[in-house]
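**Student:** sequence first, predicted coordinates after that:
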Number of protein chains: 2
Amino acid sequence: MERRNTIQKQLVLQAVAELANHPTADEVYSLVVKDHPTVSKATVYRNLASLSDDGRLRHIKMPSGADRFDHQTFGHNHIECILCGRLEDAPLEDQTALNAQAAAATGYRCVEHEIVFRGICPACAGKQH
Amino acid sequence: MERRNTIQKQLVLQAVAELANHPTADEVYSLVVKDHPTVSKATVYRNLASLSDDGRLRHIKMPSGADRFDHQTFGHNHIECILCGRLEDAPLEDQTALNAQAAAATGYRCVEHEIVFRGICPACAGKQH
DNA sequence: CTGTCTATTGATATCTTATATCAAAAAGAA
DNA sequence: TTCTTTTTGATATAAGATATCAATAGACAG
């Protein structure tokens, strides 16, 4: 399956990089249509999936709400504010040892995981005073 | 807000315990309607949420697909088979230290997390030969 | 046991997020 | 340019879950 480099794909990739802070598909779409009103939302979804497949984006599957996308593709964890909904990087040391533990405890193979922490961000903690 | 103990709520709680292996809302509904065909799916959803709120069930928010519910309410992790979709317990030692790490790294407060590991279960690994 | 009050129910509509469909358009190779 | 196949745009559909609202039924007072 040949992979073509369309301008829509470039726009999507660029939008994710520009938004930087883990946008949802909808947020990417909103940015793209600003300058290119003919781009379809389906195309945004398709290109986000395709780019994630190719390893050019990271697809963060959220336990609640819309999935998010990250232009940083190397492994790192994330933390979500339960009040304002923002998602930030959580620069922890690598947790791959956990995978081996889970594999040993369950007998499963090829174990992977991704953690989305939840808490209250400094800004929201300040507002609640 | 008063909390009433309806027979529908009892049926939902009992169904989750009976199914044992982390049923989805739909699976709970299917079991309940067998003996009580008038119970509405909305009622199942509402009672699953209400019972989880009260700490009588555990709501496992899945990164993909339907959420699941656990009659064991104490903390433990889960692992999902990427081939057959089954969800089992992953009895790891407590990972609360991770929360403190994430809090320190990000400045967030009241940090929590839940890990859903993904891998291939022994049964599926066997089938693939 | 009866009546009152209000949480809960059943039925259904609606919402959100995401994917499927399909004719038309465009990328890449010759 | 011409041909082939992927990709697009528009829209329909799907899954999972919540909202709406009149009718029902717990819990409590008496």
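**Tutor:** Structure received.

**Student:** could you pull up phi and psi at the residue nearest in space to the middle of chain A?
**Tutor:** Centroid-nearest residue in chain A, with CA atoms, centre = their mean: A:Phe69, separated by 2.7 Å. In terms of degrees, to the nearest 10, the main-chain angles of A:Phe69 are phi -130, psi 150.

**Student:** so what pLDDT did it get?
**Tutor:** Looking at A:Phe69, its pLDDT reads 98.

**Student:** for A:Arg118, what are its contacts?
**Tutor:** A:79-82, B:111-113 (CB atoms under 8 Å, 6 or more residues apart in numbering or on different chains). Bear in mind the C-beta positions are built from the backbone N, C-alpha and C, glycine included.

**Student:** run through the residues that contact the residue nearest to the centre of chain A.
**Tutor:** The contact partners of A:Phe69, by CB under 8 Å, 6+ apart, come to A:16, A:22-25, A:28, A:48, A:52, A:57-60.

**Student:** turn these into JSON lines, columns for secondary structure.
**Tutor:** As requested, the contacts of A:Phe69 are exported to JSON lines (DSSP: H, G, I helix; E, B strand; the rest coil):
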{"residue": "A:Val16", "secondary structure": "helix"}
{"residue": "A:His22", "secondary structure": "coil"}
{"residue": "A:Pro23", "secondary structure": "coil"}
{"residue": "A:Thr24", "secondary structure": "strand"}
{"residue": "A:Ala25", "secondary structure": "helix"}
{"residue": "A:Val28", "secondary structure": "helix"}
{"residue": "A:Leu48", "secondary structure": "helix"}
{"residue": "A:Ser52", "secondary structure": "helix"}
{"residue": "A:Leu57", "secondary structure": "coil"}
{"residue": "A:Arg58", "secondary structure": "strand"}
{"residue": "A:His59", "secondary structure": "strand"}
{"residue": "A:Ile60", "secondary structure": "strand"}
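
**Student:** for A:Lys41, the count of nearby residues, please.
**Tutor:** The local packing of A:Lys41 (other CB atoms under 10 Å in any protein chain shown) involves 14 other residues.

**Student:** cool, the one 5 residues further on as well?
**Tutor:** A count of nearby residues for A:Arg46, using other CB under 10 Å, gives 14.

**Student:** what do you get for A:His78?
**Tutor:** 21.

**Student:** partners of it in the sheet?
**Tutor:** Judged by DSSP bridges, the bridge partners of A:His78 are A:Asp89, A:Val116.

**Student:** report the contact partners of it.
**Tutor:** For A:His78, the contact set (CB under 8 Å, 6+ apart) comprises A:22, A:60, A:87-90, A:115-117.

**Student:** which one of the contacts of A:Phe69 sits closest to chain B?
**Tutor:** For the contacts of A:Phe69, the closest approach to chain B (CB to the nearest CB) belongs to A:Ile60, at 8.7 Å.

**Student:** how about that closest one: what's its closest non-neighbour residue?
**Tutor:** Leaving aside its sequence neighbours, A:Ile60 sits nearest to A:Arg68 (CB to CB, 6 or more residues apart in numbering or on different chains; 4.5 Å).

**Student:** sorry, back to before: now for the contacts of A:His78: which two are most distant?
**Tutor:** The most widely separated members of the contacts of A:His78, counting by CB to CB, are A:His22 and A:Ile115 (14.4 Å).

**Student:** which one's more surrounded, the two?
**Tutor:** Counted by other CB under 10 Å, A:His22 and A:Ile115 do not tie: A:His22 has more neighbours, with 22 against 18.
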